[in-house]
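Enquirer: Below is the structure, and that's it, no one-letter string:
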């Protein structure tokens with residue numbers, strides 16, 4: 001497999017491991033982490049779809065979802081279960097993209113409500129809305145090429 005986009009994948013994984021994201025959760029499962037991963041990836045695509053090469057973004061998308069599939073396989077799911085899980089995660093991801101598309105026009109309360117559609121209801125969604133707002137600004141201050149090369153500035 002071509003590892004051209006490994007830096008992007010690793011960056012998303014590292015963001016997903018941020019312990020602050022899980023402070024108000026009662027559990028920390030693979031599914032919870034994958035939801036945060038998908039949210040980060042949805043914001044990533046939101047920012048870079050505007051001015052980037054569609055072919056590169058498609059390659060990144062394919063690479064990311066292949067890695068997710070491999071992670072699910074490593075957990076030990078069978079082929080039929082993997083297909084169902086991947087379908088569920090893809091549907092969830094498309095719902096995230098659809099909702100996040102209007103992020104810039106929402107108030108902090110609306111952003112919090114949007115995130116609560118995907119997360120545990122006990123999550124501190126105000127904190128998470130502010131977190132993703134900062135993440136969005138960080139994405140806007142970097143180029144796609146800097147993510148591909150792994151030289152992201154803070």
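Expert: Ah, there it is. Given the structure is predicted, the values throughout are model-derived calculations rather than measurements.
Enquirer: Number of residues surrounding residue 5?
Expert: Using other Cβ atoms under 10 Å, residue 5 has 19 other residues around it. Where C-beta positions appear, they are placed from N, C-alpha and C, glycine not excepted.
Enquirer: Surely it is in contact with residue 145?
Expert: No: with contacts counted by Cβ atoms under 8 Å, residue 5 stays clear of residue 145, the gap being 11.8 Å.
Enquirer: what stretches of this protein score poorly on pLDDT?
Expert: Within the chain, the ranges that satisfy pLDDT under 70 run 1-2, 24-27, 52, 121-122, 153-154.
Enquirer: Tell me the secondary structure of residue 47, please.
Expert: Recorded secondary structure, residue 47: helix (DSSP: H, G, I helix; E, B strand; the rest coil).
Enquirer: That one and residue 135 touch, don't they?
Expert: No: in this structure, residue 47 is not within contact of residue 135 by Cβ under 8 Å, at 9.7 Å.
Enquirer: Mind listing what's buried along stretch 127-144?
Expert: Residues of stretch 127-144 classed as buried: 128, 129, 131, 132, 135, 136, 139, 143, 144 (neighbour count, 16 or more other Cβ atoms under 10 Å).
Enquirer: Among those, which are located in helices?
Expert: Among the buried residues of stretch 127-144, DSSP state H puts 128, 129, 131, 132, 135, 136, 139, 144 in helices.
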